[in-house]
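1. can't give you the sequence, but here's the structure:
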């Protein structure tokens, strides 16, 4: 493999947070979002020791500083090893976490950022699918389970479609005019725990409804129709089993829908929730209403407005973006 290593040069990359499933598209659809993401700054050196994580800031929970256990450095190391370079190389990374709570693809953002950082430092020798595979492998190695919905969205931007069974993913498109409002509890819900409540079989009508709505989301994206997107966002298949795991879900859903939300779904496996509208005025009213509701009821929930991130992972000039 031809390489053009950038030794002893600091490079910074940014990978956006993402929504897995996007309502009904269980383990299939992904969506990158603005305003939240992970920033990695790293340097490649001739090896004088093991890979290193020099700092982690902004994390909501304790994260491993052992580079063998963090998705960022695991993904970077996979690509460095595949480059088969000479001399033997070491990567040192600082991680600025900007993905709050759970249900926003935090580990996926780190994995994608790590893969892209290695790609930049190695002189860009890899294909897009190589980065996707490295990020997915890093997530699988650290947390278990090979899933592509979050890593594909964070890598490619916009709305993505993936099939983890055949390990393929592609960017379907972007969508303007959609206003997202995330409700992020200070309660972390592990994906493994959220999967435990899912039944081995589901009612046929629920499966049909989820399939129909998933197709509708793709039709809305293709046709640039945010109104249709909002109408197709409901998840009759998985969400009913996961709602009880999230404190105050029904109360927040009721408040959101009464305040202008067109749809209200779980983001990924939760505990983060997502309210959506295609109206800017409704988005402003919705934000004010939910902020007041959370304050008056002393709920440990962070409210974050957002839109779709159409860029995906990218190199940036500074850690402060």
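-> Everything's here; your move. Computed from a prediction, not measured in an experiment: that's the story for all the values here.

2. longest helix of the protein?
-> Counting residues, the longest helix found in the chain (DSSP state H) is helix 204-222.

3. by contact count, what packs against the helix or strand following that one?
-> Note on helix 204-222: by DSSP states H and E, the next helix or strand toward the C-terminus is helix 226-231. The contact analysis (3 or more Cβ pairs under 8 Å, 6 or more residues apart in numbering; DSSP states H and E) places helix 226-231 against helix 204-222, strand 273-277. C-beta here means a position set from N, CA and C on the backbone, and glycine is covered the same way.

4. strands of the chain, start to end?
-> 11-20, 29-46, 52-57, 89-96, 159-163, 168-173, 179-185, 263-266, 273-277, 301-306, 314-316 (DSSP state E).

5. looking at the ones you listed, spot the one closest to residue 112.
-> With Cβ to Cβ as the criterion, residue 112 lies closest to strand 11-20 of these, at 4.2 Å.

6. tell me which strands that closest one pairs with, and in which orientation.
-> Paired with strand 11-20 in the same sheet, following DSSP bridges, are strand 29-46 (antiparallel), strand 314-316 (antiparallel).

7. okay, now residue 200: neighbour count?
-> Using other Cβ atoms under 10 Å, residue 200 has 4 other residues around it.

8. the chain should start at 539 in everything you say after this.
-> Sounds good: first residue 539 from here, last item residue 738.

9. tell me the confidence at it?
-> Here the pLDDT value assigned to residue 738 is 92.

10. swap in the one 3 residues further on?
-> Turning to residue 741, the model gives it a pLDDT of 95.

11. same check, this time on residue 675
-> pLDDT for residue 675: 94.

12. same thing with residue 797?
-> Reported pLDDT for residue 797: 96.

13. any idea which of the helices and strands packed on helix 764-769 is most buried?
-> Most buried of these, by mean neighbour count (mean count of other Cβ atoms under 10 Å): strand 811-815, with a mean of 25.

14. any idea how far that strand is from the chain center?
-> Centroid separation for strand 811-815 versus its chain: 15 Å, with Cα atoms, centre = their mean, to the nearest Å.

15. about what we covered before: quick one: closest of the strands paired with strand 549-558 to residue 730.
-> Taking Cβ to Cβ, strand 567-584 is the member of the strands paired with strand 549-558 nearest to residue 730, at 19.0 Å.

16. save the helices and strands packed on helix 764-769 as TSV, and put in distance to residue 691 too.
-> Below are the helices and strands packed on helix 764-769 laid out as TSV (distance: least, Cβ to Cβ, whole Å):
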stretch	distance to residue 691
helix 742-760	13
strand 811-815	14
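
17. identify whichever of these lies nearest to residue 776.
-> Within the helices and strands packed on helix 764-769, the stretch nearest residue 776 is helix 742-760; the backing value is 7.5 Å (Cβ to Cβ).

18. what does that closest one contact?
-> The contact list for helix 742-760 (Cβ atoms under 8 Å, 6 or more residues apart in numbering) reads 560-564, 566-567, 697, 699, 710-713, 763-767, 769-776, 778.

19. quick check: closest non-adjacent residue to residue 679.
-> Nearest residue to residue 679 in three dimensions, chain neighbours excluded: residue 612, at 5.6 Å (Cβ to Cβ, 6 or more residues apart in numbering).

20. what's the neighbour count on the one you found?
-> 25.
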